[in-house]
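**Q** sequence? don't have it. structure:
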């Protein structure tokens, strides 16, 4: 095989490898959804962030509008501070609320934004005031048992009174 | 009694000698590696040599890597389907195959195949050059054999291995697609969208590429070292090629464990 043939062969091999990398990156990984070049930062405080992780999506009406970039604990108020990047083409009113929801029954958790009614929009770096924490299963069970006990108590109480 | 003591001390002495010999071998290999690194810039200037070697090492391995990738993709899809369908999670077939390939099987299986195919050919070539005294002749002509012969092959191996590994993974995913969507009947849209959602480009694909680069360096270096240090006889070359495959494979598997523990320790 001549020298030119060898060089063409090697060039094709390298191109094939790069094409495979591109295929895996675009078609089989999350590179395509990473183009959040134009975005602004917003923070929100939660009493309990549940299983929220960095890079979880931020959705409004189920559509992905941004990503969580950081989660920290405020050492003074002991609340979880979640920092998120929202696409600049989506502007939310100042009184929008943020909830931590679960995708499906046992899926990953994400932040859901519900638009408020104010005229002014959230500025970059603003904090979302109204938040709802994640549902913690143990608290839910405790609440359920407490309600059960209360129902049983109020059902038994009217008995002795004729 | 004296004979027994003599045998015992001889045995312990033998162990000590073996340990010292292997330590010495390790040190010799390390110095060889440093020497090879020192002449790398020199051989990068004569890039034509590297290109020829990439053809010999990379292009010539394409058939076996692509065929194995396709086969592994087929088989993984089939086996994972039977495991997942009992939990009603058959839709995640693409994701499971993708992560298995991109994180682990792609780099490791490619490295093992590479060690067998390219490593043995490198060792045999260098060993026969040494047996035919070509390397000594080069030194007499004031050509550094490491720069002229070894370094281009090392660079070629280090370049080819990551490319082959990602090709293995890509072809494996395509093979799984053929089986999952074509044969089994899983929804094609779900197959790709679940992967696009859950596979992270840096954590999964990126770590896999880093692993394959490390394995490429290991396999190529072991092959070159064994070839260079072989005894200049046919049996010596045969032993050297065997040692190449065994040492490369063990080193790759050990390194894979260490790298996996480092890279994927946190969810």
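**A** All right, it came through fine. Treat the numbers as computed from the prediction; the structure is a model and nothing was measured.

**Q** contacting residues around the residue of chain B found nearest chain A?
**A** For chain B and chain A, the shortest gap (CB to the nearest CB) falls at residue B:163, measuring 3.0 Å. Any C-beta I mention is one placed from the backbone N, CA and C, and that applies to glycine too. Contacts for residue B:163 (CB atoms under 8 Å, 6 or more residues apart in numbering or on different chains) come out as A:13, A:14, A:16, A:17, A:18, A:20, B:58.

**Q** cutoff 10 Å now
**A** By CB atoms under 10 Å, 6 or more residues apart in numbering or on different chains, the contact set of residue B:163 is A:13-18, A:20-21, B:54, B:58, B:61-62, B:65, B:110, B:209, B:212, B:216.

**Q** Can you report phi and psi for residue 109?
**A** Picked chain A for this. Backbone geometry at residue A:109, expressed as degrees, to the nearest 10, gives phi -100, psi 150.

**Q** Oops, wrong one, chain B.
**A** Dihedral pair for residue B:109: phi -70, psi -40, per degrees, to the nearest 10.

**Q** got the residue ranges for the helices in chain B?
**A** Under the criterion DSSP state H, chain B contains helices at B:2-45, B:47-57, B:62-85, B:93-99, B:106-114, B:120-131, B:134-140, B:145, B:151-177, B:188-198, B:207-228, B:234-263.

**Q** mind giving me TSV with those and columns for mean pLDDT?
**A** Listed next are these as TSV, based on pLDDT from 0 to 100:
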stretch	mean pLDDT
helix B:2-45	91
helix B:47-57	93
helix B:62-85	95
helix B:93-99	93
helix B:106-114	96
helix B:120-131	93
helix B:134-140	92
helix B:145	90
helix B:151-177	96
helix B:188-198	85
helix B:207-228	95
helix B:234-263	94
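
**Q** between those, which gets nearest to residue A:45?
**A** Of all the helices of chain B, it is helix B:188-198 that lies closest to residue A:45, at 27.6 Å by CB to CB.

**Q** and that closest one, does that touch chain A?
**A** Yes - using CB under 10 Å from any CB of the partner chain, helix B:188-198 reaches chain A at B:191, B:192, B:195, B:196, B:197, B:198.

**Q** in chain A, which residue is closest to the centre?
**A** Centroid-nearest residue in chain A: residue A:110, 2.7 Å away (criterion: CA atoms, centre = their mean).

**Q** So what sits opposite it in the bridge?
**A** In this entry, residue A:110 is beta-bridged to residue A:101, by DSSP bridges.

**Q** Touching, it and residue A:103? I think so.
**A** Yes - if you go by CB atoms under 10 Å, residue A:110 and residue A:103 touch, sitting 6.1 Å apart.

**Q** What residue in chain A comes nearest to chain B?
**A** residue A:17 (3.0 Å).

**Q** tell me, how many neighbours does that residue end up with?
**A** By other CB atoms under 10 Å in any protein chain shown, the residues close to residue A:17 number 21.

**Q** Who's the closest spatial neighbour of it, skipping the chain neighbours?
**A** residue B:163 (3.0 Å; CB to CB, 6 or more residues apart in numbering or on different chains).

**Q** do you know how far the one you found is from residue B:110?
**A** Counting by CB to CB, to the nearest Å, the gap from residue B:163 to residue B:110 is 10 Å.

**Q** before we move on, what about residue A:124?
**A** Separation of residue A:124 from residue B:110 (CB to CB) stands at 46 Å.

**Q** Dump the residues of helix B:188-198 next to chain A into JSON lines; add neighbour count as well.
**A** Compiled in JSON lines, the residues of helix B:188-198 next to chain A are given as follows (neighbours: other CB atoms under 10 Å in any protein chain shown):
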{"residue": "B:191", "neighbour count": "22"}
{"residue": "B:192", "neighbour count": "17"}
{"residue": "B:195", "neighbour count": "25"}
{"residue": "B:196", "neighbour count": "18"}
{"residue": "B:197", "neighbour count": "16"}
{"residue": "B:198", "neighbour count": "16"}
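
**Q** Now residue 39: closest residue in space that isn't a chain neighbour?
**A** Picking chain A for this. Of all residues not flanking residue A:39 in the chain, residue A:85 sits nearest, at 4.2 Å (CB to CB, 6+ apart).

**Q** ah, no, chain B please
**A** residue B:147 (4.1 Å).

**Q** from memory that neighbour sits against residue B:50, does it?
**A** No - the pair residue B:147 / residue B:50 is not scored as a contact, 11.7 Å apart, by CB under 10 Å.

**Q** shared neighbours, these two?
**A** Shared contacts of residue B:147 and residue B:50, counting by CB under 10 Å, 6+ apart, come down to residue B:43.

**Q** Now for the nearest residue to residue B:84 once chain neighbours are set aside: which residues touch it?
**A** Among residues not flanking residue B:84 along the chain, residue B:90 sits closest, at 5.1 Å (CB to CB, 6+ apart). The contact partners of residue B:90, taken as CB under 10 Å, 6+ apart, are B:80, B:81, B:82, B:83, B:84, B:180, B:184, B:185, B:186, B:187, B:190.
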